[in-house]
Each structure stands twice: as C-alpha cells, then as structure tokens.
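> Quick one, fold the following:
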Amino acid sequence: MNICVFGSSSDLIDKEYLDSAEKLASELVKRGHGIVFGAGKYGVMGATARGASAENGTLIGVSPKFFTEMDVLYDDCTELILTETMRERKGIMEDRADAFIICAGGMGTFEEFFEVLTLKQLRRHEKPIIIYNVKGYYNHMIAMMDNAVKNKFMTDDCKRLYSVADTQEEVFEQLENYVPFSYNKYNFVYEGDKNDG
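Residues are numbered from 1 along each chain as shown. Reported below is the predicted structural model:
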C-alpha cells in the first residue's frame, strides 16, 4: 500500500514528534509500504522522508511549484510531483494513497485531515484514516469532535470514519485490521420521510 502521511513542516516542534514520525516511516517501509507526503524537508514531513529513505523505501512527494523557490523540498524523493496549486496537491496525495496517517501538525495538517474525513463521510472513499496522537497532541481536537456529536452537528457513526492511535503499535494494529466503513450522512432525511408516512 501507499500510505499518505500528513504532518508539520516546522522544525521548531518537540523532537519527540519528529522522532516518532521518522520511526513510523521507517517501519512502514519495512512492512512493504510506500510513502506519499508533502515533499517537505523540514518538520514531520522531513522526518518522514528521512525514515523512509533510510530503508530505501518508495517516497512520493507532492508539492506546488512555488515551493521550489523556497528551498524547502526534500531532495531525494523517488518521485516528485509538482502541481500548480495546493488544491491540486491534496487531490493527488489523496488519489495516490491507500490510507492516511495524521501525524502532529498545524493549520495545513488540520485542513488535510478534515478534507479526507469529509470525503469519506460523503462516501468518496473508504480508506483508513488514523490520527497518530503522539503525546496526546490531538486530545483537544478529539474533544471538539465529541462536542460536535453531543450537539448533533455530527453523528456517532462519523466517529467511526477515523481511528486514534496513541502508539506506533496501535497505528499498525488499526491499519492491518481495518474494516471499511461508510454510512449515509443524509439518512435522517429518509428516516424523517418514513416517520411522516
């Protein structure tokens, strides 16, 4: 499988986030997987690239062309795909991936997670989405999702569209035992029609 790893582009973050991403990518390659990532050489992206490269893994980087002017791209991708826009970049990453792992990140990572989650909710794919919750980084986001369910902006079923792994071992357990799941977001409309009848 090709696993898309989303994560930070900052080297200012705690080293544990970087080390965990590097080890994860190394183990993904050892288990026969390729990596799809945002082609960056810094932060979690860079750590992911180094982990995959150390094991001679397949590393597919996807970046908009304007990043080539900033000297922020990883030099040793197996395949580097340059796009015109960020939107096109995300589409290619989504298409080339068989699963998504959400490592620690900021605004861009949040956007990437919610895009693949929304597409899954709308039954555009049934690929695994795993939040790698190193050091409890995503606890507040998970609580926000729970609050959305509590207030009926999301259903309990929506929480089955993704999983949360606190350790690398849990990431692989969830990846290897994944059972595709989808549901009808608009089922309440049809249920309402039944009740009206």
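> Who are the contact partners of Glu27?
Taking C-beta atoms under 8 Å, 6 or more residues apart in numbering as the definition of contact, the neighbours of Glu27 are Gln168, Phe172. (C-beta placed from N, C-alpha, C; glycine too.)
> quick one: the helices in the chain?
Along the chain, the segments classed as helices by DSSP state H run 15-30, 43-54, 86-96, 107-121, 139-150, 168-176, 187-196.
> which stretch among those helices comes nearest Glu69?
With distances scored as C-beta to C-beta, the stretch of the helices of the chain nearest to Glu69 is helix 86-96 (14.8 Å).
> rewinding a little: now mean pLDDT and distance to Cys77 too, for the helices of the chain, in TSV please.
Written out in TSV, the entries for these read as follows (pLDDT from 0 to 100; distance: least, C-beta to C-beta, whole Å):
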stretch	mean pLDDT	distance to Cys77
helix 15-30	98	13
helix 43-54	98	7
helix 86-96	97	13
helix 107-121	97	18
helix 139-150	97	29
helix 168-176	98	23
helix 187-196	59	42
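> which one of those helices lies closest to Asp75?
Asp75 sits nearest to helix 43-54 of all these, at 9.2 Å, using C-beta to C-beta.
> Give the buried residues for the closest one.
Taking 16 or more other C-beta atoms under 10 Å as the neighbour-count basis, helix 43-54 is seen to contain the buried residues Gly43, Val44, Met45, Gly46, Ala47, Thr48, Ala49, Arg50, Gly51, Ala52, Ser53.
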